[in-house]
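> What follows is a predicted structure for the sequence shown.
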Amino acid sequence: MSLRLGDEAPNFSAETTEGKINLHEYLGDGWGILFSHPKDFTPVCTTELGTVAKIMPDLKKRNVKVLAVSVDPLDSHIGWVKDINETQNTTVTYPIIADPEKKVANLYDMIHPNALDNMTVRSVFIIGPDKKIKLTLTYPASAGRNFDEILRVIDSLQLTANYSVATPANWKDGDDVIIAPAVTDDQIPSKFPKGHKMVKPYLRYTPQPNK
Ligand code: BEZ
C-alpha cells in the first residue's frame with residue numbers, strides 16, 4: 001500500500017554517493033526531502049539534480065536535508081554527478097542513493113509499472129522533524145519538477161506547524177494567511193495581534209504571524 005500523509009517515513013540504510021546513510025539518523029531533528037529519479041544520464045533528471053544543488057542554501061536556511069534516489073548503481077551515480085556539475089554549472093553536495101535492488105524504491109512505492117517499466121517515477125516525500133510524511137508528489141518522467149514550489153510548500157508546512165493558520169492558493173512567504181477554522185472569533189485578537197480581516201465567517205485573513 002502506498003504511503004499516506006501522517007504515516008511514519010519508513011526508515012532504511014542505503015549506500016549513497018556520500019557513504020552509507022540511515023534515513024532517520026541523517027535527518028536528525030530537522031526536515032527532509034526524499035526524491036526519486038527514473039534513471040542516471042537522462043536529460044530531465046540532470047536538470048533536476050542540478051537545480052536542487054543550486055537551492056541548497058535555501059534548503060539549509062529552512063533546516064531541510066535532501067536525499068535523492070535512483071535505481072542505478074553507485075559507480076553510475078559518481079560518473080553522472082560529474083556530468084551534472086559540468087552541464088548545470090553547479091556542485092552536487094547532497095547524497096544520491098544507489099538502489100539497484102530497488103529496496104528504497106519499493107519501500108516508498110516509487111515504481112509505477114503502468115507508467116514506467118522498472119524505473120522510479122518522479123516521487124517527492126517531505127518528511128517532518130517527527131519523521132512523519134507531510135507531503136507526497138508524483139510526477140511523470142516527462143515533467144521535471146518545480147523546486148520553487150517545493151520550497152514554497154516547505155514554508156507553508158513550517159508555518160502551519162507552529163501557528164493556527166493555513167495558506168491560501170498561490171500563497172508565498174510573506175503574504176497574508178488564513179486563520180484556521182478551529183480558532184473562534186473571540187480567540188483571534190490574542191492569537192493574531194497584528195489584526196485580521198473577515199471576508200466571510202469561514203474566511204478570515206491575518207498577516208503572516210512570524211514575519
Ligand atoms: C529524463 O530524465 O529525461 C527521463 C528519464 C526517464 C524517462 C524519460 C525521461
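Ah, there it is. Residues are numbered from 1 along each chain as shown.
> Which parts of the chain are strands?
Counting by DSSP state E, the chain forms strands over residues 13-16, 19-22, 31-36, 64-70, 96-98, 122-127, 133-139, 165-166, 177-179, 197-200, 203-206, given from the N-terminal end onward.
> So for Val81, which of those sits nearest?
If you check each of the strands of the chain against Val81 by C-beta to C-beta, strand 96-98 wins as the nearest, at 7.1 Å. Bear in mind the C-beta positions are built from the backbone N, C-alpha and C, glycine included.
> Name the residues that touch that closest one?
Outside strand 96-98, the residues within contact range by C-beta atoms under 8 Å, 6 or more residues apart in numbering are 14-17, 21, 49, 67-70, 72-74, 76-77, 81, 104.
> just the buried members of those residues?
Among the contacts of strand 96-98, the ones that count as buried by 16 or more other C-beta atoms under 10 Å are 14-17, 21, 49, 67-70, 72, 76-77, 81, 104.
> do you know which of the strands of the chain lies nearest Leu3?
strand 133-139 (5.7 Å).
> and that closest one, does that touch the ligand?
No - Strand 133-139 stays clear of the ligand (C-beta under 6 Å from any ligand atom), getting no nearer than 10.7 Å.
> Go through that strand and flag the buried ones.
Counting neighbours by 16+ other C-beta under 10 Å, one finds that the buried residues in strand 133-139 are 133-136, 139.
> starting at the chain centroid, how far to it?
Its chain's C-alpha centre and that of strand 133-139 lie 7 Å apart, by C-alpha atoms, centre = their mean, to the nearest Å.
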